[in-house]
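Visitor: Take this sequence and fold it.
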Amino acid sequence: MESGNHSEKTDSASPQKTNVDKTRRHDLDALRAGAMLLGICLHAMMAYSGIAWIVIDNQQNHTFKLVIEFIHGFRMPLFFLVSGFFTAMLACRQGSGGMLKNRAKRILIPFVISVVIIIPLDKVVGFFAVSSNASHPQDPLFKAILQGDSSQVLHLLEKSPKALLEEPENRMRFTPLNWAVLCESEPITKLLLERGENPMASNRNGYNSLYIAALLGRADLLKLLIENGGDPFNSAGSGKSAWTAAHQPYEETRMIVFISKGKFPEDMTVIENGKQTVIEFLKGLSMEQYKTPSPPDQTSPPKSIESISSWMQWYFDWLSSDQIVVNIAGQKINLLQDPSLDHLWFLWSLWWLCVIHYIVDCLRGPIGPASTDKTNLIYPGLMVAFSLTCCMQSWMNLDYSPKLLNFPVGPDFSPGIIPKPHVFLYYAVFFFFGSWYFGLGDNECFLGRHWRWALPVAMLVLFPLVLATKEQRLPNIVLQSLFTWLMVLGSIGLANRLFQRESKLFRYIADSSYWLYLTHIPPVLLMQWLFLFLPAPALVKFTLGFLTTMLILFASYQLLVRHTVIGRILNGKKK
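Guide: Modelled structure (predicted):
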């Protein structure tokens, strides 16, 4: 995305335009490009981190999880702050209308094109990657269960510690019993139950063994699990019980089976008929226990939100519900929670922040950089922004939707067509701080002058404290907000020190970063898929995959984008 430095000439006589210093902020260009490239690196690490992802390799390294949480804690706040700065700069140079027109060209149009072309490509590559990953378990016990080899399962259990019974696989955290039921193996299910495996244990999505049996219409397996202590009406706070599984819609059932097992059910008619048998069985069971054919709702929110105010609880209950669901092309889409926008969610939020910026400018007029030194306002402005960040951080990690991918450090994930309000407002704090900061005319980068101590303190002191206080909500909110702001301010100061002058190499990387980020998911997934069965440590797989991905992306930029109309759309006309 351009910074407004090589944009079209404007009429300085326009009442909505302000004469502004034409000095290019190479440091902020570098930060924006760096945030994009860090995102590619983050996604390339996901397969080896143990965090839920499309491809999950059997080779895991806990360090990757820590690095991902570290990057996530400041990357996008930094990006939105810099975007706010350049949005204000464009409003001064081109007027409010010119700014919005420019943002429509550089953000909205690439976003729409990417949604139509790139996201479907993401889905296609993801489909084959999931199919290969899920259908070829790498753990010997799970491989034996998939093959229906009871003797091998027994052999593995006898020569291993008892803890192996509860040891989940890496990908979706299925327990051996979950997997045996998913593979519809009654002999192995009986074997695992006889050895004491818990039928209520669930995977990372909240699917316990009873839920899986009911989803597949296997009343015989469900009865077996109930006989061994399973409760078909207890969802254990996840909203997923055998009762809810039996009522799961046709398409959702197909997708759950595919994502879990790597292939679609062979005969959905058999499953649907089996579900009806399960429902009738559960109705009879409910009559015995509750004197009603429909059991009472036993879904309860997690303990993390029990102590918050009732109106905040209402908000998160609403977020986690299916109240905002529409039918698009025969498929139900949750506009808030379904990852419809994938990695492009930030462009959609950024566009709406630009629209709000335009409305505000129309009401009060764009503000140019100060003619006198106003850097004395930076610290009061930072205190306000820090306070607002704490307020919005207090809403994070409370969204308990089962479709959610969240990190314990940093803001929640909001990939839906409608941005989650609390996430949108969180990023708005940084965006409008960046816009306000432009008006101060801080050409000497007073904002980042303490980077030499800010970065070490954030990395070596605050980040470990954030991890250590995950269960202590109030201090964690303050520590997370402080970590984010020190990393943002330190990054600004370091970039100002390193990138005060333009270089051809840097300019090339900065211009290419937008294209690289838009298109990086397919090659990232492809590399993770290709290296899935490579007998090498996680670090080696990540390094090979990341470097190969970057080579593919830079080659595509050079050949398909740099000197074409795509390059002009993404980066504007060159001088």
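Visitor: which helices and strands does the top helix by length along the chain pack with?
Guide: Ranked by residue count, the top helix of the chain under DSSP state H comes out as helix 75-103. For helix 75-103, the elements it packs on are helix 26-45, helix 345-364, helix 421-438, helix 473-498, judged by 3 or more Cβ pairs under 8 Å, 6 or more residues apart in numbering; DSSP states H and E. Bear in mind the C-beta positions are built from the backbone N, C-alpha and C, glycine included.
Visitor: Now mean pLDDT, mean neighbour count and distance to Met89 too, for those, in JSON lines please.
Guide: Output for the helices and strands packed on helix 75-103, formatted as JSON lines (pLDDT from 0 to 100; neighbours: other Cβ atoms under 10 Å; distance: least, Cβ to Cβ, whole Å):
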{"stretch": "helix 26-45", "mean pLDDT": "92", "mean neighbour count": "22", "distance to Met89": "9"}
{"stretch": "helix 345-364", "mean pLDDT": "94", "mean neighbour count": "18", "distance to Met89": "11"}
{"stretch": "helix 421-438", "mean pLDDT": "96", "mean neighbour count": "22", "distance to Met89": "6"}
{"stretch": "helix 473-498", "mean pLDDT": "95", "mean neighbour count": "21", "distance to Met89": "15"}
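Visitor: rewinding a little: what angle sits between the longest helix of the chain and helix 473-498?
Guide: For helix 75-103 against helix 473-498, the angle by axes from the mean of the first three to the mean of the last three Cα atoms, to 10 degrees is 60 degrees.
Visitor: Between helix 345-364 and the following helix or strand past helix 75-103, find me the angle.
Guide: Sequence order places helix 109-135 as the next helix or strand after helix 75-103, per DSSP states H and E. With the same axes, to 10 degrees defining the directions, helix 109-135 sits at 150 degrees from helix 345-364.
Visitor: so how many other residues sit close to Ser286?
Guide: Ser286: 18 surrounding residues under other Cβ atoms under 10 Å.
Visitor: before we move on, back to that, can you lay out the helices and strands packed on helix 75-103 as JSON lines showing distance to Ala52?
Guide: Listed next are these as JSON lines, based on distance: least, Cβ to Cβ, whole Å:
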{"stretch": "helix 26-45", "distance to Ala52": "13"}
{"stretch": "helix 345-364", "distance to Ala52": "17"}
{"stretch": "helix 421-438", "distance to Ala52": "18"}
{"stretch": "helix 473-498", "distance to Ala52": "21"}
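Visitor: got the contact list for Glu444?
Guide: Contact analysis of Glu444 by Cβ atoms under 8 Å, 6 or more residues apart in numbering lists Thr375.
Visitor: ok so it is a helix residue?
Guide: No. Judged by DSSP: H, G, I helix; E, B strand; the rest coil, Glu444 forms no part of a helix; its state is coil.
Visitor: Read off the pLDDT value for it.
Guide: Looking at Glu444, its pLDDT reads 85.
Visitor: So what angle separates the directions of the longest helix of the chain and helix 421-438?
Guide: Using the same axes, to 10 degrees: helix 75-103 against helix 421-438 is 70 degrees.
Visitor: Could you list the buried residues of helix 75-103?
Guide: 75-96, 98-100, 102-103 (16 or more other Cβ atoms under 10 Å).
Visitor: which residues touch Lys65?
Guide: Ser49, Gly50, Ile51 are the contacts of Lys65 under Cβ under 8 Å, 6+ apart.
Visitor: my bad, Asn228
Guide: Asn228 neighbours (Cβ under 8 Å, 6+ apart): Leu193, Pro199.
Visitor: Please identify the helix or strand for the nearest residue to His247 once chain neighbours are set aside.
Guide: Spatially, and ignoring its direct neighbours in sequence, His247 is nearest to Ile279 (7.3 Å; Cβ to Cβ, 6 or more residues apart in numbering). Per DSSP H and E: Ile279 is located in helix 268-290.
Visitor: Relative to the whole chain's centre, how far out is that helix?
Guide: 36 Å (Cα atoms, centre = their mean, to the nearest Å).
Visitor: buried residues in that helix?
Guide: Buried residues in helix 268-290 (16+ other Cβ under 10 Å): Ile271, Gly274, Lys275, Val278, Ile279, Phe281, Leu282, Leu285, Ser286.
Visitor: Including distance to Ser241, could these go into a markdown table?
Guide: What follows is the buried residues of helix 268-290, written out as a markdown table (distance: Cβ to Cβ, whole Å):
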| residue | distance to Ser241 |
| --- | --- |
| Ile271 | 18 |
| Gly274 | 17 |
| Lys275 | 14 |
| Val278 | 12 |
| Ile279 | 13 |
| Phe281 | 14 |
| Leu282 | 9 |
| Leu285 | 12 |
| Ser286 | 11 |
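Visitor: Would you reformat those residues as TSV and include pLDDT and distance to Glu194?
Guide: Converted to TSV, those look like this (pLDDT from 0 to 100; distance: Cβ to Cβ, whole Å):
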residue	pLDDT	distance to Glu194
Ile271	93	27
Gly274	93	24
Lys275	93	27
Val278	92	23
Ile279	92	28
Phe281	91	23
Leu282	90	25
Leu285	87	23
Ser286	85	28
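Visitor: now, the most widely separated pair of those residues?
Guide: Across the buried residues of helix 268-290, the longest distance by Cβ to Cβ is 21.7 Å; it joins Ile271 and Ser286.
Visitor: just for the chain, where's the confidence low?
Guide: Low-confidence segments of the chain (pLDDT under 70): 1-24, 162-164, 236-239, 296-306, 329-330, 366, 368-373, 400-405, 574-575.
Visitor: Pop the domain breakdown of it in here.
Guide: 26-114+336-571, 169-202+206-239+242-297 (automatic domain parsing).
Visitor: Helix, strand, or coil at the most centrally placed residue in the chain?
Guide: Nearest to the geometric centre of the chain sits Phe413, at 4.6 Å (Cα atoms, centre = their mean). On the three-state scheme (three-state DSSP), Phe413 is labelled coil.
Visitor: now for the helices and strands packed on helix 75-103, which one comes closest to Ala555?
Guide: Closest among the helices and strands packed on helix 75-103, using Cβ to Cβ: helix 26-45, at 14.7 Å.
Visitor: centre of the chain versus the closest one, how much separation?
Guide: 16 Å.
Visitor: Which residues does stretch 246-255 contact?
Guide: 214-215, 217, 256, 264-265, 268, 271-272, 275, 278-279, 282, 330-332.
Visitor: re the thing from before, so which of the helices and strands packed on helix 75-103 comes closest to Ser512?
Guide: Across the helices and strands packed on helix 75-103, closest to Ser512 is helix 26-45 (Cβ to Cβ), at 8.2 Å.
Visitor: what helices or strands is that closest one leaning on?
Guide: Where contact means 3+ Cβ pairs under 8 Å, 6+ apart, helix 26-45 is packed against helix 62-72, helix 75-103, helix 473-498, helix 504-519, helix 521-530, helix 538-556.
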